[in-house]
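Engineer: sharing a model prediction with you, sequence too.
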Amino acid sequence: MVLTTISFTVMQTGVRWVATDTANPLPPVEVAFFRNLFGVVALAPVLFTAGFSIFKTQRLGMHFGRAFCQSAGMVCFFTALTMVPLAKITALSFSAPLFATLLAIIVIGERVRARRITALILGFTGVMIVLQPRFDSFELGGILVLASSTLWAVAMTFIKSLSRTESAVTITLYAGVFLVPMTGIPALFLWVHPTVEQLLWLLGIGAVGTIGHLAFAQSFKYAEMSAVLPFDFLRLIWASVVGYMLFDEVPTWITWMGGALVFSAACYIGIREAQLAKRKKNKSSDTA
């Protein structure tokens, strides 16, 4: 999980670096395209090992919907990285599990009790603290981060449903297959030829992004969610350090306070949902 937090922070730093390069800034959607392209290249050995049978599915539409939400969320997030300090973006990105729970309540009709409702209220209070909204204006970058979190929450709902019938490899490969054209086609209309140095950065972004996702999945194989999730808060620490050292960004105490509140609420919801799922599974086993 520590490797996950480092990987994602390095990836976000790379995106900020190439997208705000004063000599040759790359459009965020183009950066997203290269992120997905090099991510698929990194998965090529898996395809050669498993064979094309791994693409067999009866839920192509759901794979497409997941990829559409994820590509839109990625573009929103990468665009926000050019507008908002790294620490603030990280603090707001902790809100994805909050939106996922809210969507489960509204769309699926999932029942939640007082403790998770309280966590949701505290979490969204933290979001408001970080955003510091005013009646006369809204910060576009902050809104884009929240849009990204919402879209990622929808994508997570698709992934949860797909995981009941599809293997993790199939889900990952279909994501790559759809994400490349979904970000590549709009990137053509804003295309800026990357320099050799930028191509190396883009290759690194794709590599560390893939490493981060693999490390995240692997962390849950080695330990319970309650043991690994708290380490995700390290992202805020790394983002604050990198933002200060490379971009002269000094996170305010408001960002730290709001970020801690959002993270605590999201962490509690994640651990609580894992406990309830485990309890339900044990109950089903006992009944059987």
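Structural biologist: On my side now, so go ahead.
Engineer: could I get the contacting residues of the residue nearest the centre of the chain?
Structural biologist: In the chain, the centroid-proximal residue (C-alpha atoms, centre = their mean) is residue 152; its distance is 6.2 Å. Residue 152 is in contact with 69-70, 73, 96, 99, counting by C-beta atoms under 8 Å, 6 or more residues apart in numbering. Backbone N, C-alpha and C define where each C-beta goes, glycine included.
Engineer: before we move on, what about residue 215?
Structural biologist: Residue 215 neighbours (C-beta under 8 Å, 6+ apart): 1, 3-4, 7.
Engineer: now do residue 246
Structural biologist: Contacts of residue 246 by C-beta under 8 Å, 6+ apart are 13, 17.
Engineer: one more time with 7 Å
Structural biologist: Residue 246 makes contacts with residue 13, as judged by C-beta atoms under 7 Å, 6 or more residues apart in numbering.
Engineer: quick one, helices of the protein?
Structural biologist: For the chain, the helices defined by DSSP state H occupy 2-19, 28-42, 44-50, 60-80, 86-93, 96-103, 114-131, 140-162, 168-188, 196-222, 225-228, 234-247, 253-287.
Engineer: among these, which is the most enclosed?
Structural biologist: Ranked by mean neighbour count, the helices of the chain are led by helix 86-93 with a mean of 28 (mean count of other C-beta atoms under 10 Å).
Engineer: list the contacts of it.
Structural biologist: By C-beta under 7 Å, 6+ apart, the residues outside helix 86-93 that reach it are 12, 16, 80-81, 127, 130, 142, 145-146, 149, 235-236, 239-240, 242-243, 249, 251, 255, 258-259, 262.
Engineer: and if we set it to 8 Å?
Structural biologist: Residues contacting helix 86-93 (C-beta under 8 Å, 6+ apart): 9, 12-13, 16, 77, 80-81, 84, 126-127, 130-131, 141-142, 145-146, 148-149, 235-236, 239-240, 242-243, 247, 249, 251, 255-256, 258-259, 262-263.
Engineer: could you check the angle it makes with helix 253-287?
Structural biologist: 30 degrees (axes from the mean of the first three to the mean of the last three C-alpha atoms, to 10 degrees).
Engineer: using PDB, list the CA coordinates for helix 86-93.
Structural biologist: Taking C-alpha atoms only, helix 86-93 is exported to PDB below (Å, rounded to 0.1, in the frame of the first residue of the first chain):
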ATOM      1  CA  LEU A  86      -1.300  18.600  -5.500                       C
ATOM      2  CA  ALA A  87      -2.100  18.400  -1.800                       C
ATOM      3  CA  LYS A  88      -5.600  19.900  -2.400                       C
ATOM      4  CA  ILE A  89      -6.300  17.500  -5.200                       C
ATOM      5  CA  THR A  90      -5.200  14.500  -3.100                       C
ATOM      6  CA  ALA A  91      -7.400  15.600  -0.200                       C
ATOM      7  CA  LEU A  92     -10.500  15.900  -2.500                       C
ATOM      8  CA  SER A  93      -9.700  12.600  -4.200                       C
END
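Engineer: want to throw the helices of the chain into TSV with mean pLDDT?
Structural biologist: As requested, those are exported to TSV (pLDDT from 0 to 100):
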stretch	mean pLDDT
helix 2-19	93
helix 28-42	90
helix 44-50	73
helix 60-80	92
helix 86-93	91
helix 96-103	85
helix 114-131	88
helix 140-162	87
helix 168-188	87
helix 196-222	86
helix 225-228	74
helix 234-247	92
helix 253-287	80
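Engineer: for stretch 241-261, measure first residue to last.
Structural biologist: 20 Å (C-alpha to C-alpha, to the nearest Å).
Engineer: return the distance of that stretch from the chain's centre.
Structural biologist: Distance of stretch 241-261 from its chain centroid, counting by C-alpha atoms, centre = their mean, to the nearest Å, is 19 Å.
Engineer: residue contacts, residue 54?
Structural biologist: Here residue 54 is in contact with 46-47, 167, 169-170, 173 (C-beta under 8 Å, 6+ apart).
Engineer: let me fix that, I meant to ask about residue 195.
Structural biologist: residue 24.
Engineer: what score does it have for pLDDT?
Structural biologist: We have a pLDDT of 94 for residue 195.
Engineer: phi and psi next, for it.
Structural biologist: phi -80, psi 170 (degrees, to the nearest 10).
Engineer: how close does it get to residue 21?
Structural biologist: 8 Å (C-beta to C-beta, to the nearest Å).
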